[in-house]
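Engineer: Below is the sequence, then the predicted model.
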Amino acid sequence: MAWNRRINVAVCTVNNWVLDFVGNKERILKTCQEAYENGAHVRLGPELEICGYGCSDHYFELDTEWHSWEILREIVEESIKLKDMLIVTGMPVRYKLGLYNCLVSVANGKIINICPKIALCDDDIYRESRYFISWKHGFKIVDYELDPSYGFEQKTVPFGRTIITSLDGVSFGFEICEELWTAKSPSVDYALQGVDIICNASGSHHVLGKSHQRINQLVLGATRKLGGIYLYSNHRGCDGDRVYYDGMSSIVQNGKLYAQINQFDIEETCVVTSLLDLNDTTTFRAKISSSCQESSRSEMLPTIHFDAKLLDHSPPSTPLAKPIRTRQRSEVDELCHGPPAWLWNYLRRSKASGFFLPLSGGQDSTAVALMVRLMCEKVTQAIRDNPDRDDPAYYLNGKKVGTDPGKLCNEILYTCYMGSENSSQETRNASASLADDIGANHSSILIDVAVRAILTIFETSFKFIPSFFSDDNREIMSLQNVQARIRMVLAYLYAQASLIYYKKPGGLLVLGTSNVDESLVGYLTKYDNSSADINPIGSISKHDLREFLSYVNESHSFQHLQWIIDSIPTAELRPLVEGKVVQSDEEEIGLTYNELSVIGRLRRPGCRGPYGLFMRLITCWYPQYTYAEIGEKVIRFYKRYAINRHKATISTPAYHANAYSNDDHRNDHRPFLYPDFEYQFNKIRKSVEELTADEKNTSH
Ligand SMILES: Nc1ncnc2c1ncn2[C@@H]1O[C@H](COP(=O)(O)OP(=O)(O)OC[C@H]2O[C@@H]([n+]3cccc(C(=O)O)c3)[C@H](O)[C@@H]2O)[C@@H](O)[C@H]1O
Ligand SMILES: Nc1ncnc2c1ncn2[C@@H]1O[C@H](COP(=O)(O)OP(=O)(O)OP(=O)(O)O)[C@@H](O)[C@H]1O
Ligand SMILES: NC(=O)CC[C@H](N)C(=O)O
């Protein structure tokens, strides 16, 4: 072994966007160039970066393949200028009948290898096997004939799983995202064969707390046991969907972290490099004699040699990279960064001029307003931190953003208190005060005239006006729902036309404010303010939102926030009694929000139906509640859920932050017309009787 086996490696994060072929190419080439200028000889990008990860059913269109090949050809051409740099990129490739999710390695104007994914991801919001075939031939390679019409100089490329080795003896193996998460990761086979560097290209979205597993257990864990350099590259941004890819591309060797890209930064591209010594891997591995024995037994893998010299030849005294600590945020801190980063991404790419938010002074709309404020802080902070950098993420509709978060908030956030005769002075004040604190552009209106006008139209047909004092609950409900729906009509009017008054171009995106818990039990009016353009809190429970509010309150001195945190959630849709609010969400639902949060998690991801939920809840809530009370709560929840599931089919697209999200469109696939669950409920009732009888017997 020569003393000099140092190599400079780079991973990057690109904010790529589905089907934005030109933008994606520019971001890929920009990171290649930056890596090269920083002395790197390997540049790894994220999964399917050429077409964007989340193309979904666009993978059925041949156009997606054609354009990916066209862009790949341009990358191959550019690679001639980046002499002796291995570029690893991702795109879909069709072989025989099926489409494969592939990594493509390129160096010095040649495609070295096309590596198809073995373990597809179908969990959570992923549906990879809907579009892709998994490679079932293990470590085998075949000749892939390139379509001559794309103009590559070579005629064929090795397609399949292999080791690739440079002229100066640096060997590489590949893992594609889920292959790191699956039971039998290919990196084990590669490591046992002594492969120097594993490249993992990933499309991994943010879910609260997931980054801990990803970086600490998996990426670091992969090399803690078997040694080697592990390069991990992930997307950043919304990619055109409800999910947010949270970057964190990392460079790891022998269980230690050497470089990591920040999880929620906003820039379009980011590159980090590290100079590492491959001999450290040899020593690390040699010290684990059981692995050396295992290596001798392990399967030989095919190897392809490619024409590039990758080792570093800077002076021997050049310092190597030093290990760093992982930057791990708490879940509540992630809430302060993920949804705000997603909002900025979405706003810029939608080309809208800002947001419109009906701000009630309640906890939900306050949480949304704060997320916009945190977004403004994030963007202006990035600009302050990087005065010499010019990044497309620092611009909104062609104009560079300033460095004052309050000013930015005032330019882009329009809040409105839409009071009625049922609104309290307290929420009106809280709404105005919060808007003032965060710098939003606030107005306050009354909606009673519109409510009366609509009821008068109804009266012309049916000769009566519904009353809150009727014995018929339909009258009471219709009076509540008409208020909520008028707010929605007004929100869209204000979003569309209010910037005309301010002599500003464009329109505003309407922000939705419903949380998972109220959505699960349908405690919202269908097509009211819950029907908005996007919703940053739609996959978050009230419990988690309250933690978020308290967390923000600790770091910001907002005058009314504590009052809002302490307030009792109310829809303020029923008449006040002696000027006071008498309606309470929790009383009307019959469950507290904390109880709903527990139940929501047990429903999903816990996968408990009514009886399973009851049997699990008694292990948590008994004896605080009796068996009968727990049974009642489960039945109440599932009754409301079954009646109202149809509302989830029209819920506003929401930032996907949790596995407990009830998003009917992409995440929580369930029917929306349910039977009455009588069979399940009777089982619960029977168990309650038996358990209560047992309880009495044992206490005698
Ligand atoms: N299986 C099914 N499939 C499809 N649609 C179905 C359906 N069952 C009923 N529907 C339809 O759903 C509609 C009834 O739903 P909807 O109009 O929402 O009315 P509804 O669910 O009856 O009432 C709204 C609930 O939300 C509460 N609320 C109201 C307003 C605001 C807030 C708040 O938190 O701010 C809360 C209110 O106290 C009440 O409990 C009707 O049009 C009905 O025909
Ligand atoms: N008086 C109001 N002015 C403006 N918007 C309102 C008003 N009342 C309700 N809304 C809108 O309807 C949404 C639903 O009301 P809801 O009562 O569920 O939420 P909230 O008031 O924000 O929070 P909480 O549920 O904690 O009271 C609000 O988030 C808000 O966007
Ligand atoms: N694209 C993928 O294969 C995703 C895999 C993995 N389960 C993740 O969430 O990161």
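Structural biologist: Great, that's in hand. Ligands and ions are numbered 1, 2, ... in the order given.
Engineer: if you average pLDDT over stretch 547-559, what comes out?
Structural biologist: The average pLDDT for stretch 547-559 rounds to 94.
Engineer: what about that stretch, near ligand 2?
Structural biologist: No - Stretch 547-559 lies out of reach of ligand 2 by C-beta under 6 Å from any ligand atom, never closer than 9.8 Å. Just so you know, the C-beta spots here come from the backbone N, C-alpha and C atoms, and that holds for glycine as well.
Engineer: Show residues contacting that stretch.
Structural biologist: Outside stretch 547-559, the residues that touch it by C-beta atoms under 8 Å, 6 or more residues apart in numbering are 332-333, 335-336, 363, 366-367, 370, 374, 433-434, 437-438, 540, 561-562, 564-565.
Engineer: Narrow these to those in helices?
Structural biologist: If you go by DSSP state H, the contacts of stretch 547-559 have 332-333, 335, 363, 366-367, 370, 374, 433-434, 437-438, 561-562, 564-565 in helices.
Engineer: about what we covered before: among the contacts of stretch 547-559, which ones are buried?
Structural biologist: Among those, the ones that count as buried by 16 or more other C-beta atoms under 10 Å are 332, 335-336, 363, 366-367, 370, 374, 433-434, 437-438, 540, 561, 564.
Engineer: Out of the residues you listed, the closest to ligand 1 would be?
Structural biologist: Proximity of the buried ones among the contacts of stretch 547-559 to ligand 1 was ranked by C-beta to the nearest ligand atom; the top entry is Gln363 with 11.1 Å.
Engineer: For the closest one, give its distance to Ile457.
Structural biologist: 34 Å (C-beta to C-beta, to the nearest Å).
Engineer: Which positions within stretch 583-598 qualify as buried?
Structural biologist: Gln583, Asp585, Glu586, Ile589, Leu591, Thr592, Tyr593, Glu595, Leu596, Ser597, Val598.
Engineer: Nearest to Asp388 among those?
Structural biologist: Ser597 (45.2 Å; C-beta to C-beta).
Engineer: Let me know the helix or strand that that closest one is in.
Structural biologist: Secondary structure assigned from DSSP states H and E places Ser597 in helix 593-603.
Engineer: hmm, who's touching the helix or strand following that helix?
Structural biologist: Toward the C-terminus, helix 593-603 is succeeded by helix 610-621 as the next helix or strand (DSSP H and E). With C-beta under 8 Å, 6+ apart as the test, helix 610-621 has contacts from 598-599, 602-603, 606, 608, 627, 630-631, 633-635, 637-638, 677, 680-681, 683-684, 687, 691.
Engineer: Dump the C-alpha coordinates for helix 610-621 into CSV.
Structural biologist: C-alpha atoms of helix 610-621 as CSV (Å, rounded to 0.1, in the frame of the first residue of the first chain):
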residue,chain,number,x,y,z
PRO,A,610,-61.3,0.4,17.1
TYR,A,611,-60.8,-2.8,19.2
GLY,A,612,-57.0,-2.7,18.9
LEU,A,613,-57.1,1.0,20.0
PHE,A,614,-59.2,0.2,23.1
MET,A,615,-57.0,-2.7,24.1
ARG,A,616,-53.9,-0.5,23.8
LEU,A,617,-55.4,2.5,25.5
ILE,A,618,-56.3,0.6,28.6
THR,A,619,-52.6,-0.1,29.1
CYS,A,620,-52.1,3.7,29.1
TRP,A,621,-55.1,5.3,30.6
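Engineer: relative to helix 593-603, how tilted is it?
Structural biologist: Relative orientation of helix 610-621 with respect to helix 593-603: 130 degrees, computed using axes from the mean of the first three to the mean of the last three C-alpha atoms, to 10 degrees.
Engineer: What residues of helix 610-621 count as buried?
Structural biologist: Within helix 610-621, the residues scored as buried using 16+ other C-beta under 10 Å are Pro610, Tyr611, Leu613, Phe614, Met615, Arg616, Leu617, Ile618, Trp621.
Engineer: Count the neighbours of Ile148 for me.
Structural biologist: For the record, residue 148 is Pro, not Ile. Neighbours of Pro148 under the rule other C-beta atoms under 10 Å: 8.
Engineer: Report the contact partners of it.
Structural biologist: Pro148 touches Lys155, counting by C-beta under 8 Å, 6+ apart.
Engineer: Over to Gly255?
Structural biologist: Shown in contact with Gly255 (C-beta under 8 Å, 6+ apart): Leu220, Gly221, Thr223, Arg224, Lys225, Gly227.
Engineer: Which among those count as buried?
Structural biologist: For the contacts of Gly255, buried by 16+ other C-beta under 10 Å: Leu220, Gly221, Thr223, Arg224, Gly227.
Engineer: Hmm, the third one is touching Ser250, no?
Structural biologist: It refers to Thr223. No - using C-beta atoms under 8 Å, Thr223 is not in contact with Ser250; the gap is 10.9 Å.
Engineer: any residues in contact with both of these two?
Structural biologist: Common neighbours of Thr223 and Ser250 (criterion: C-beta under 8 Å, 6+ apart): Tyr230.
Engineer: re the thing from before, tell me the one of the buried residues of helix 610-621 nearest ligand 1?
Structural biologist: Closest approach between those and ligand 1, by C-beta to the nearest ligand atom: Pro610, at 18.0 Å.
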